[in-house]
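Visitor: Take a look and give me a structure for this.
(chains A and B)
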Amino acid sequence: MSRIGVFICHCGENIGRTVDCEAVTEALKDHPGVAFTEDYKYMCSDPGQQLVKKAIEDNDLTGVVVAACSPHMHEKTFRRACDQAGLNKYMCEMANIREHCSWIHEDRGEATEKAVDITRTIVEKVKHNQPLESIHIPVTKRALVIGGGIAGIQAALDIADGGHEVVLVEKEASIGGHMSQLSETFPTLDCSQCILTPRMVEAYQHPNIKLHTWSEVEKVDGYIGNFTVKIRKKARSVNEDLCNGCGDCQEACPAKRIPSEFEAGLGNRTAIYVPFPQAVPNIPVLDRQNCTLFKGRRKGLAKDACGKCKEACLKDAIDYDAEDTFIEEEIGAIVVATGFQLYSIGREQPEGLKGYGEYGYGEVPDVIDGLQFERLASASGPTAGAILRPSDGKEPKTVVFVHCVGSRDSEKGISYCSKICCMYNAKHAMLYKHKVHDGRAVAFYMDIRAAGKGYDEFSRRAIEEDGAEYIRGRVSRIFRDGDVVKVWGYDTLSQEQVVIDADMVVLATAMRPQDGVRELAQKLSVSTDEHGFINEAHPKLRPVETNTAGVFVAGACQAPRDIPDAVAMASATGAKVLSLFSADELEREPAVAIVNENTCIGCMNCAKVCAYGAIEQREICTVDGHVCGHVAYVNPGVCQGCGTCQAVCLSKSVELQTFTDEQIFSEINALCYWE
Amino acid sequence: MSAPSRTLATDILEATGINPATCYQCGKCSAGCPMASESDLRPHNVMRLVVQDRREAALSEQSIWLCLTCETCSARCPNACDPARVIDAVREMSIEAEVADMPRNVAAFHRAFLEQIRTNGRLHEMGMVMEYKLRSGDLMKDVINAPGMLSRGKLSFRAERIEGVAEIKRIFEKCGVTP
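Guide: Purely as a prediction, here's the structure:
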């Protein structure tokens, strides 16, 4: 027979104002199985907790119900108190008579009745509670960082400096990400590469960081503290151990006119190439798509059509027959930092997006995007830092900068603000005016969103000191008219149409998540939003965690982010990972599903609906070792206790501990039975 | 590299030390302008014309002559653009360029004021009133207030002259100003 203690809290006036707590105490006193009742002004206070502890000891209670606030608020508090008094802490439950009752009702009589009902249901539930033990799971103290941009590098360095091994996976040939392409950074106009390359080298040389470039995450198994990650090392065709980065192969390569991704198409590269001079590692990759030899092989030529790079290599590092290889790493925590790509403006668009035919991008060569302007302004870029327009190499005397291309345009499929464009447009206008003193920089904007330390001052500086002309309004059409690029806009402040004869137009395009993020998210069992950005666990209070324990998120793969944001997030994930690694074991609440193997029919419906990949199939063997059937098994480390499996189980064989069918039905019965 | 070309904004900067580009068109100046309901262009509109280098439109605009120079706009401007000073500078340029579209009574008022300074070295209210009425032709307006103002000593028939009236006259001659 249960001996349950019921403790009713007034929560100062919060509950007491609307609920007659004495009446609730009185009503519960004679409820079957209740051995003790008491009400108190603040049950969560120290004397309140002492009251609970003393009652447990004096009355030999087998269960405790605290009728007070939400379990989110104080369940931990009272379970700890029970634990200290020698009662299994999972025998303690909260009845929420504050958020679910006193705060939302006005009539004292009805609220009191409802509080009694709520408390009764929980008493009935506790009668079926079982003493449970917390789950302990071991932790592999090794982190995986996916993406080697500034966020990934920062996260990797922070974790490595904390004394733990990091596996850093980058899909491109070099780490550095988009930041390595930038000329100067707002709001201080620091040279981007000057502040980035030391970090890249540090990550490369760090004894705790294992770097895999030209590699991708293939498969992720396991759960927090115990992931097994399969990494595909794409065929580089260059032996990383032998190559010394001399560059002879690039010199020898005859295919020299391939548009460079790093130069955003404004410069060329060879088929075997290092993306940029400061690349880390300084080891080339062979682009098989554009390589003469591989083109020949694809055509089925009997003899190799080229081979100049191999001939030129003194280290014999080039291997045309290299294939993708796979490695497996044991990992305890994962940081996703896959960054962004720019919205592609032109008519060709991925599903769900529309392009801007009216802006002439791709048709008018002097209409470029922000990243292309970065390369024009960069001292290491294709023009060595001179602002020259792509069509004829002339210095443009009027440049139009267009904000919000793609962003805040639901019609094109992107409703969000890309956050960084106002700032980089101001920077571009500034850099242009610094280089072309007699030039005219005109910016079309909808709003100037410059929220950040020193940001508004920076964008005002572009206008007030550097003389950029800002016109409030969107651009309607951009087209070529002889030698000039016509820009049709509207000035909403002067309320008139504006036509600018520009020499070059720079479109500040929206930030989008990288291609393949949805697939990666699926591998990691994390969710993405409608745009493909990875969802954080809570927008305010858990901004760098995901809904899968042990997987964290940093930088522009979560939402549009600038460099300071990305670095701050990365360091936050570093702190999260290090705190996870600070213990040898993880303790978790036993609110996980368990399978009754005796009744499970092995249909695996539960595995299909499990959002966390926590359910696997297990073989059932006869005494002599023959497989005689299959049942489901829930991995307690992965299970998040959502209960979906319980809802779909045909044979009622899977139950969520702490929320069993018996417990739920008892609650419902309590509501129906006691009037 | 050639020097930046002259614009209305650079002229204003040279004349007043105010950079019109500091105006971010928030409209606070116009929100408090007592003449806003009387003018076609409000202070922020004038600032906008200056920033856009619309010299002709700004200089020949009648609204700039309706500004009372109460300086409420300048006192409230969040970015220290001083619209009243800019409007004043535009008025100077407007007269110099001989495109000023001053309403007749506004011109009469300014001239009457200057004439008082030229002849007395300071303002003589009664003289000012008479001068304005003669110049504007608006003889009977507000006359009903005169007895009260006379009896309270707000107006007096006698003009008080300063000692150096001759010097003041020379200043006017030197500047070529004939009210």
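Visitor: what sits against residue A:170?
Guide: Residues in contact with residue A:170 (CB atoms under 8 Å, 6 or more residues apart in numbering or on different chains) are A:147, A:148, A:152, A:211, A:212, A:213, A:214, A:215. Using the backbone N, CA and C atoms, a C-beta is placed for each residue, glycine as well.
Visitor: Return the backbone torsion pair for it.
Guide: Dihedral pair for residue A:170: phi -130, psi 130, per degrees, to the nearest 10.
Visitor: do the same with residue A:221
Guide: Torsion angles, degrees, to the nearest 10, at residue A:221: phi -120, psi 160.
Visitor: Narrow the contacts of residue A:170 to those in strands?
Guide: Using DSSP state E, the members of the contacts of residue A:170 that fall within strands are A:211, A:212, A:215.
Visitor: Take these and lay them out in CSV including pLDDT and neighbour count.
Guide: Below are those laid out as CSV (pLDDT from 0 to 100; neighbours: other CB atoms under 10 Å in any protein chain shown):
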residue, pLDDT, neighbour count
A:211, 97, 23
A:212, 97, 21
A:215, 97, 24
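Visitor: from those, which is closest to chain B?
Guide: Distance to chain B, by CB to the nearest CB, is smallest for residue A:211 among the ones in strands among the contacts of residue A:170, at 45.5 Å.
Visitor: Give me the distance between the closest one and residue A:340.
Guide: 21 Å (CB to CB, to the nearest Å).
Visitor: again with residue B:44
Guide: Counting by CB to CB - residue B:44 and residue A:340 are separated by 38 Å.
Visitor: How about residue B:15?
Guide: From residue B:15 to residue A:340 the distance is 48 Å (CB to CB).
Visitor: between the two, who's got more neighbours?
Guide: residue A:340 (24 against 15; other CB atoms under 10 Å in any protein chain shown).
Visitor: Quick check: nearest residue in space to the more buried one, chain neighbours excluded?
Guide: Leaving aside its sequence neighbours, residue A:340 sits nearest to residue A:556 (CB to CB, 6 or more residues apart in numbering or on different chains; 3.9 Å).
Visitor: What confidence value was assigned to residue A:238?
Guide: Note for residue A:238: predicted pLDDT of 96.
Visitor: circling back: might one say that the residue nearest to residue A:340 is in contact with residue A:569?
Guide: No - judged on CB atoms under 8 Å, residue A:556 makes no contact with residue A:569 at a distance of 9.3 Å.
Visitor: so what's in contact with the two at the same time?
Guide: With CB under 8 Å, 6+ apart, residue A:556 and residue A:569 have common neighbours residue A:151.
Visitor: Between the two, point out the one with more neighbours.
Guide: When residue A:556 and residue A:569 are compared for neighbours, residue A:556 comes out ahead with 31 against 27, by other CB under 10 Å.
Visitor: residues in the stretch 351-500 of chain A within reach of chain B, list them.
Guide: Within the stretch 351-500 of chain A, the residues that sit near chain B (CB under 8 Å from any CB of the partner chain) are A:437, A:438, A:460, A:463, A:464, A:467, A:469, A:472, A:493, A:494.
Visitor: Without its sequence neighbours, what residue ends up closest to the last one?
Guide: Taking CB to CB, 6+ apart as the measure, residue A:494 lies nearest to residue B:48, with 5.9 Å between them; neighbours along the chain are not counted.
Visitor: which residues are in contact with the helix or strand where the one you found lies?
Guide: Using DSSP states H and E, residue B:48 maps to helix B:43-51. For helix B:43-51, the surrounding residues in contact (CB under 8 Å, 6+ apart) are A:469, A:493-494, B:8-9, B:12, B:20-21, B:23, B:25-27, B:29-30, B:33, B:41, B:57-58, B:61, B:63-64, B:67, B:73, B:81, B:83-84, B:86-87, B:90.
Visitor: ChimeraX command for the buried members of those residues?
Guide: Typed into ChimeraX, the line below selects the buried ones among those, using 16 or more other CB atoms under 10 Å in any protein chain shown:
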select /A:469,493,494 /B:8,9,12,20,21,23,25,29,30,33,41,58,61,63,64,67,73,81,83,84,86,87,90
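Visitor: Identify those among the contacts of helix B:43-51 that sit within strands.
Guide: If you go by DSSP E, these have residue A:469 in strands.
Visitor: phi, psi of the residue nearest to residue A:256 when sequence neighbours are not counted?
Guide: Leaving aside its sequence neighbours, residue A:256 sits nearest to residue A:270 (CB to CB, 6+ apart; 5.3 Å). In terms of degrees, to the nearest 10, the main-chain angles of residue A:270 are phi -90, psi 180.
Visitor: what residues are up against the residue at minimal distance from the centre of chain A?
Guide: The residue lying closest to the centre of chain A (CA atoms, centre = their mean) is residue A:553, at 3.5 Å. By CB under 8 Å, 6+ apart, the contact set of residue A:553 is A:335, A:336, A:337, A:526, A:534, A:536, A:544, A:545, A:546, A:569, A:573.
Visitor: Between those residues, which sits nearest chain B?
Guide: In terms of CB to the nearest CB, no member of the contacts of residue A:553 lies closer to chain B than residue A:569, at 31.1 Å.
Visitor: element containing the closest one, please.
Guide: Per DSSP H and E: residue A:569 is located in helix A:563-581.
Visitor: before we move on, back to that, and the residue nearest to residue A:340, that's in a helix?
Guide: Yes - with DSSP: H, G, I helix; E, B strand; the rest coil as the criterion, residue A:556 is located in a helix.
Visitor: Report the contact partners of it.
Guide: A:149, A:151, A:339, A:340, A:511, A:513, A:566.
Visitor: now for the longest helix along chain B, which elements pack on it?
Guide: If you go by DSSP state H, chain B has its longest helix at helix B:104-120. Judged by 3 or more CB pairs under 8 Å, 6 or more residues apart in numbering or on different chains; DSSP states H and E, helix B:104-120 is in contact with helix B:125-136, helix B:165-175.
Visitor: now chain B, which segments are flagged as low pLDDT?
Guide: Within chain B, the ranges that satisfy pLDDT under 70 run B:1-4.
Visitor: Provide the secondary structure category for the residue nearest to residue A:602 when sequence neighbours are not counted.
Guide: Spatially, and ignoring its direct neighbours in sequence, residue A:602 is nearest to residue A:630 (3.8 Å; CB to CB, 6+ apart). Classification of residue A:630 using three-state DSSP returns strand.
Visitor: From residue A:595, how far off is residue A:630?
Guide: Taking CB to CB as the measure, residue A:630 falls 11 Å from residue A:595.
Visitor: Between those two, point out the one with more neighbours.
Guide: Neighbours were counted for residue A:630 and for residue A:595 using other CB under 10 Å; residue A:595 has more, 19 against 15.
Visitor: wait, that one sits on residue A:653?
Guide: Yes - applying CB under 8 Å, one finds residue A:595 in contact with residue A:653, separated by 5.9 Å.
Visitor: What's the local residue count around residue B:119?
Guide: Residue B:119 has 18 neighbouring residues, counting by other CB under 10 Å.
Visitor: List the contacts of the residue nearest to residue A:256.
Guide: A:250, A:253, A:255, A:256, A:258.
Visitor: These, buried ones only, as a ChimeraX selection?
Guide: Selection command for ChimeraX covering only the buried members of these, criterion 16+ other CB under 10 Å:
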select /A:250,253,255,258
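Visitor: Mind checking which of the contacts of residue A:270 are in strands?
Guide: Judged by DSSP E, those include residue A:258 as members of strands.
Visitor: Out of the contacts of residue A:270, which is nearest to residue A:589?
Guide: residue A:258 (55.4 Å; CB to CB).
Visitor: ok, what's across the strand from that closest one?
Guide: Bridge pairing for residue A:258 (DSSP bridges) gives the partners residue A:269.
Visitor: Please report the distance of it from residue A:270.
Guide: Using CB to CB, we find residue A:258 at a distance of 7 Å from residue A:270.
Visitor: same check, this time on residue A:436
Guide: 32 Å.
Visitor: Show me which positions of the helix holding residue A:569 end up buried.
Guide: Buried-residue list, helix A:563-581, by 16+ other CB under 10 Å: A:563, A:565-574, A:576-578, A:580-581.
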